[in-house]
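Undergrad: here is my input; please provide its structure:
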Amino acid sequence: MAREKFSLVIITYNNADTLERCLAAANFADELVVLDSGSTDATVAIAERYGARVAVHPFDDYGPQKQRAIDMARYDWVLNLDADEILAPGTCAVIERALEHPRVAGYRLPRRERMFWSVQHPWSHRNGHLRLFDRRRGHMNDVPIHAAVEVDGPVQTLVRADFVNMGDDDIAARVAKINRYSSGMVADKLARKQRFAGSMLLLYPPIFFVRQYVFKRYFLSGWAGFVASALGAVYVFLKYAKLLEARQHRPARPSAPPAQPPSHRGQ
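TA: Take a look at the predicted model:
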């Protein structure tokens, strides 16, 4: 049965270590679109080898860059992946069935996280991410750091689909990322006049840890799940600690992430 054609859309910067696996797992797409930010490794060569349509544009922020890539797509339906996200076996069949008669504006795909030396246990809670959508009804929002797709219409979750975020190679990489991301969130929270920073600093980190480790069943991933839950709580702590610091030192500007990230890895 015929299905809607779709474009796979990816932004890249020095992602040669993961891009080939990403493209190989999603090569059933009718079009591959790669928007690069000026990679100095083999990223562009890998994309071209898979027949992707490649363009280069300087990176300014995640949301605008991903929207540029989406605008390059030839087809109305778009699968938006990061260069370190790999579709699990069987997910392509689920996507193709969903696109036979789509009655929604988009679909969430559950994501499993790489946890340093392991991968998130399949029986633990997987967050759903809106990655397959009708671009006539959707666009990237302007949320700093964690920009995401928003659509005008209903959304369903493809529960039998799955993809893995290969993310951080080790604990040091995760610590560097949460330090960079937490700094980048400060300006946004100041602009929105975020309240209760002190109480959130005291209460939310331990709540976050328990939610991740126990209720989202990260304990199924052993020590890797414990470390991931603890570092998630550290990220929450740093966001509110840096917000308090920024308020104490006004009018000094809060620090922000560099305009060009080390590489475009999953958020």
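Undergrad: just how off-centre is the biggest helix by length in the chain within its chain?
TA: The residue-count maximum for a helix in the chain (DSSP state H) belongs to helix 222-248. Computed by Cα atoms, centre = their mean, to the nearest Å, the chain-centroid distance of helix 222-248 equals 18 Å.
Undergrad: packing partners of it?
TA: strand 106-115, strand 118-119, helix 171-191, helix 197-210 (3 or more Cβ pairs under 8 Å, 6 or more residues apart in numbering; DSSP states H and E). Backbone N, C-alpha and C define where each C-beta goes, glycine included.
Undergrad: give me the contacts around the second one.
TA: Residues lying outside strand 118-119 but in contact with it, judged by Cβ atoms under 8 Å, 6 or more residues apart in numbering, are 112-113, 164, 221-222, 224-225.
Undergrad: isn't Phe6 up against Trp77?
TA: Yes: with contact defined as Cβ atoms under 8 Å, Phe6 counts as touching Trp77 (3.8 Å).
Undergrad: now do the shared contacts for these two.
TA: By Cβ under 8 Å, 6+ apart, the residues touching both Phe6 and Trp77 are 99, 132.
Undergrad: mind putting the contacts of strand 118-119 into CSV with pLDDT?
TA: Below are the contacts of strand 118-119 laid out as CSV (pLDDT from 0 to 100):
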residue, pLDDT
Arg112, 91
Glu113, 90
Val164, 91
Ser221, 94
Gly222, 95
Ala224, 95
Gly225, 95
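Undergrad: reformat the residues you listed as a markdown table; add neighbour count.
TA: Below are the contacts of strand 118-119 laid out as a markdown table (neighbours: other Cβ atoms under 10 Å):
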| residue | neighbour count |
| --- | --- |
| Arg112 | 19 |
| Glu113 | 22 |
| Val164 | 19 |
| Ser221 | 23 |
| Gly222 | 13 |
| Ala224 | 19 |
| Gly225 | 22 |
